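Asker: Predicted coordinates and the sequence they were generated for:
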Amino acid sequence: MSVTIILLVTFVTLLFWKVHRNFSFWNDKGIPHVGVFEYLLYAYDIFTKPMYEAVRKHYKRHGRFYGSYQGLAPSLYVAEPEVLADVFVKKFKSFVDRTVGQKLGNSLRQKSIFNLSGDEWKHARYILSPAFTGNKLKASVPRIVKVTERLTARLIEHAQNGTPAAANELLHSCARDTTAAVVFSFDMDSHVDKKHPLMVCFEKLFA
């Protein structure tokens, strides 16, 4: 029995030491940070509340620049526009990597832009950046607005007529039309024009 107690105490001590070491990363960094018990409460909140509520609570308490964690990994939370401009634009080379996503078990989906990290993400970011300059994004806004207004009109029509709306189909059409407008400069209404050349290619690619 005494050996069991000793092993149990040793295990608990090592576990406490490990947790304390991981969650003391920000203690001497000189910035506001989330403590271990506050982080455990946050972990509970993200499973019981909308995530934005949990993040906003920390934002209100600690400000626009504070340390926290993702799992056991230290994470710096930034909501300061000038600092974000440095991270994403001016000093991007120093902040190239991002959180490694979960393994999907599908090589094609793993190569998606949303799941890339490391050198692959850096290379993809370098290729894509010219397509997202300020002027190009501004030029895309009227096209996106036109597509969303079309979606809104359809939803209003369903509401006024009291008829059910196939939300999945309407949102898919909106996504396709937005992509066609922004990437290819096509004014496409895929909800109506099922035989548009882009729709034909889309069906062949994803059918």
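Answerer: In hand now; what should we look at?

Asker: list the buried ones in the lengthiest helix in the chain?
Answerer: Ranked by number of residues, the top helix in the chain under DSSP state H is helix 134-161. In terms of neighbour count (16 or more other Cβ atoms under 10 Å), helix 134-161 has its buried residues at S140, R143, V147, R150, L151. All C-beta spots, glycine's among them, are computed from the backbone N, C-alpha and C.

Asker: Neighbours of I46, how many?
Answerer: 13 (other Cβ atoms under 10 Å).

Asker: Distance-wise, check it relative to V19.
Answerer: According to Cβ to Cβ, to the nearest Å, I46 and V19 sit 19 Å apart.

Asker: Count the neighbours of A180 for me.
Answerer: 21.

Asker: Going forward, the N-terminal residue is numbered 210.
Answerer: Yes, from this point I'll number from 210; that puts the last item at A389.

Asker: Contact partners for it?
Answerer: Shown in contact with A389 (Cβ atoms under 8 Å, 6 or more residues apart in numbering): F395, D396, M397, S399, L407.

Asker: What of R273?
Answerer: Going by Cβ under 8 Å, 6+ apart, R273 touches V287, A288, E289.

Asker: what would those look like in TSV with neighbour count?
Answerer: Below are the contacts of R273 laid out as TSV (neighbours: other Cβ atoms under 10 Å):
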residue	neighbour count
V287	15
A288	13
E289	12
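
Asker: And these, which is closest to E329?
Answerer: Using Cβ to Cβ, V287 is the member of those that lies nearest E329, at 23.8 Å.

Asker: Name the residues of stretch 257-264 that come out as buried.
Answerer: A263, V264.

Asker: and the residue nearest to the spatial centre of the chain, helix, strand or coil?
Answerer: Centroid-nearest residue in the chain: F323, 8.3 Å away (criterion: Cα atoms, centre = their mean). Assigned by DSSP: H, G, I helix; E, B strand; the rest coil, the conformation of F323 is coil.

Asker: Quick check: buried residues in stretch 290-300?
Answerer: So stretch 290-300, judged by 16+ other Cβ under 10 Å, has zero buried residues.

Asker: give me every residue that touches L407.
Answerer: Applying Cβ under 8 Å, 6+ apart, we find L407 in contact with R385, A389, F393, F395, M397, S399.

Asker: Those, buried ones only, as a PyMOL selection?
Answerer: Listed next is the PyMOL selection for buried residues among those, using 16+ other Cβ under 10 Å:
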select buried, resi 385+389+397+399
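
Asker: By mean pLDDT, flag the weakest helix or strand of this protein.
Answerer: Among the helices and strands of the chain, helix 316-319 carries the lowest confidence by mean pLDDT, DSSP states H and E, at a mean of 70.

Asker: I'd like the distance from it to the chain centre, please.
Answerer: 18 Å (Cα atoms, centre = their mean, to the nearest Å).
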